[in-house]
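*Asks:* The following block contains a protein sequence and its predicted model.
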Amino acid sequence: MVQELNHILDTNQFDTTELNSSIHSISKSNDQKLKPIVSKILRILYSIYKLKIKKSTDIPIMYYIYFKGNPKAEQVFADRKSNNRSIHVDLFSVKKGDECVEYLKRFAKSLLEISSRDRIQELIFSSNNLELIDFLFTHFPRDLYENCYIYLKQITNIEILDYFFKNHQELMFKDNSPLWMYTDSKVIGHFEELMKQVSRNFMVKCDINKFSSNDLGKNLFENLERALNNPEVYIFEKNENDPPNSINRYRSYFVKLDSSTQDSAISILEKHIEKYGTSEYFDIKSILNNKLHQSYKLIHWIFKDLSDEYIKSHLSNQELTIKSGINKTNNHIYEIKIKVFIKWELLLFYCGRSNFLYESLVSNSLSKELLIQDLLYNKIRVHPFLNLLGCLLKLDFESEILYNSLKEVVTILKAPDFHHPEVFIVEEAGKVVLKIYKS
């Protein structure tokens, strides 16, 4: 095959324009000399790739659309579906390009299983193609009305929102709508303006635990921050347990926190304190329920104003004042506190205060082996862990394997070429007891 490929390249001289052409532009052209050559080159490359990875690999459906036409593409696609092969990759390979519009229409109409239809409907919304989306409403209105919040996540073009506003306003522009949670940041500002035009509001729910994290949009915290700054469009659901001026009214949102949303979460808390700051206890249970490596910035924010000396001297009171100041709105003094909790040393470790963890180990109030188990469960962040390692190696370990492994970890993590996210695994009796992650 390699020889065949070299022969094609040697016997065909390509000019600069041809070499700079994309496969898409070649397939759309009427060049009957170049198209067959490119088609053959691609088939050879696919065959070489298949042999190299030694795995059954299908030629992408886009190849058939470009070089064999839609009828052939539909036949190949139908054969793959009947063989129960995954169609998801193929679907998303054809979502762009005008030549795919009619193909996707015909394919969508042929789907009878709702689960399969959901996939292609999600694909069509992610294309942000008005013609295709209007086609869906003509043929599958019930599906869209039941799952509009899922498809809303795929919309990144304001023209699509304008289409809904003009043709299906009752679907996405109801009063007290929670749809802001699913909206992409590229279009949320336009969505707000459209809601203003019909004098309707978004509703910020006080409890979002009933909403699946997979369903919520990727910009949840960014949009929640917008809600704080835009009371003209957003209203907060009333909650007897957590009134509007309570910092705990966001507690259910923190369950959805991940490493990429921490900065927005911190900004939300800071803006809330600046506007509403009142004396209360900050319930951080939802933060503790997350994997701690996902919340380390927020944990650092909680403790950043506290000195080591203050923490040590106030632990006996079973509470710490983490934020205090004067409310600029009413000039009242506020104090925000947290209650001391089990394994508080581990929380401090994740924001870089490894000395607390070491002192607890020395005093035997914490088991070294249990500590390693906790760190394993939460995934270890390299930089604070390096601060702790030197101290750990001064202590006695029941497990000689674990002790020697920790010594080896020090060498690896300090190596200048350390770059892999999961660099080291410690096993004992066939069981993983330690994983190190770069942070």
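*Replies:* Noted; the coordinates are in hand. Residues are numbered from 1 along each chain as shown.
*Asks:* Could I get the pLDDT score of residue 254?
*Replies:* The model reports residue 254 with a pLDDT of 84.
*Asks:* what does residue 373 give?
*Replies:* Residue 373 carries a pLDDT score of 59 in this model.
*Asks:* Also residue 144?
*Replies:* pLDDT at residue 144 comes out at 76.
*Asks:* isn't it right next to residue 151, touching?
*Replies:* Yes. Residue 144 sits in contact with residue 151 when judged by C-beta atoms under 8 Å, with a separation of 6.8 Å. (Glycine included, C-beta is placed from N, CA and C.)
*Asks:* what is in contact with these two at once?
*Replies:* Between them, residue 144 and residue 151 share these contacting residues under C-beta atoms under 8 Å, 6 or more residues apart in numbering: residue 121.
*Asks:* Counting residues, which helix of the protein comes out longest?
*Replies:* helix 34-53 (DSSP state H).
*Asks:* Name the residues of that one that are buried.
*Replies:* Across helix 34-53, burial judged by 16 or more other C-beta atoms under 10 Å covers 35, 37, 38, 39, 41, 42.
*Asks:* element containing residue 355?
*Replies:* Assigned by DSSP states H and E, residue 355 falls within helix 354-362.
*Asks:* Quick check: mean pLDDT of that helix?
*Replies:* For helix 354-362, the mean pLDDT works out to 71.
*Asks:* With stretch 291-302 instead?
*Replies:* For stretch 291-302, the mean pLDDT works out to 83.
*Asks:* and the end-to-end length of that stretch?
*Replies:* Here the two ends of stretch 291-302 are set 16 Å apart, with distance taken as C-alpha to C-alpha, to the nearest Å.
*Asks:* Would you confirm that residue 182 contacts residue 147?
*Replies:* No. With contact defined as C-beta under 8 Å, residue 182 and residue 147 do not form a contacting pair (10.9 Å).
*Asks:* If you count surrounding residues, which of those two has more?
*Replies:* Higher neighbour count among residue 182 and residue 147: residue 182, with 24 against 18, using other C-beta atoms under 10 Å.
*Asks:* Do you know the pLDDT at the more buried one?
*Replies:* According to the per-residue confidence, residue 182 scores 92 in pLDDT.
*Asks:* and it, what does it touch?
*Replies:* The neighbours of residue 182, taking C-beta under 8 Å, 6+ apart as the test, are 149, 150, 152, 153, 215, 216, 217.
*Asks:* hmm, which of those residues are the buried ones?
*Replies:* Neighbour counting with 16+ other C-beta under 10 Å marks 149, 150, 152, 153, 216, 217 as buried within the contacts of residue 182.
*Asks:* and which of those is nearest to residue 272?
*Replies:* For residue 272, the closest of the buried ones among the contacts of residue 182 turns out to be residue 216, at 20.5 Å, with distances computed as C-beta to C-beta.
*Asks:* For that closest one, give me its contacts.
*Replies:* If you count contacts by C-beta under 8 Å, 6+ apart, residue 216 has them with 181, 182, 208, 256.
*Asks:* ok, now with 7 Å
*Replies:* The contact partners of residue 216, by C-beta atoms under 7 Å, 6 or more residues apart in numbering, come to 181, 182, 256.
*Asks:* Correct me if wrong, but residue 320 is in a strand.
*Replies:* Yes. Residue 320 sits within a strand when classified using DSSP: H, G, I helix; E, B strand; the rest coil.
*Asks:* Look at residue 203 and say how many residues are nearby.
*Replies:* A count of nearby residues for residue 203, using other C-beta under 10 Å, gives 18.
*Asks:* Likewise for residue 236?
*Replies:* Counted by other C-beta under 10 Å, the residues lying close to residue 236 total 17.
*Asks:* Run through the bridge partners of it.
*Replies:* In this structure, residue 236 bridges to residue 204 when assessed by DSSP bridges.
*Asks:* Extract the CA atoms of stretch 240-253 and return them as CSV.
*Replies:* What follows is the C-alpha trace of stretch 240-253 in CSV, where atoms were taken according to Å, rounded to 0.1, in the frame of the first residue of the first chain:
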residue,chain,number,x,y,z
GLU,A,240,-37.2,30.0,54.2
ASN,A,241,-34.0,28.3,55.3
ASP,A,242,-31.7,30.6,53.3
PRO,A,243,-33.0,34.1,52.9
PRO,A,244,-31.7,36.4,50.1
ASN,A,245,-29.0,37.9,52.2
SER,A,246,-27.6,34.5,53.3
ILE,A,247,-24.4,33.2,51.7
ASN,A,248,-25.9,29.7,52.0
ARG,A,249,-28.5,30.2,49.3
TYR,A,250,-25.9,28.9,46.8
ARG,A,251,-25.2,25.7,48.7
SER,A,252,-26.9,23.3,46.3
TYR,A,253,-24.9,24.9,43.4
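*Asks:* Name the residues of it that come out as buried.
*Replies:* Within stretch 240-253, the residues that count as buried by 16+ other C-beta under 10 Å are 242, 245, 246, 247, 248, 249, 250, 251, 252, 253.
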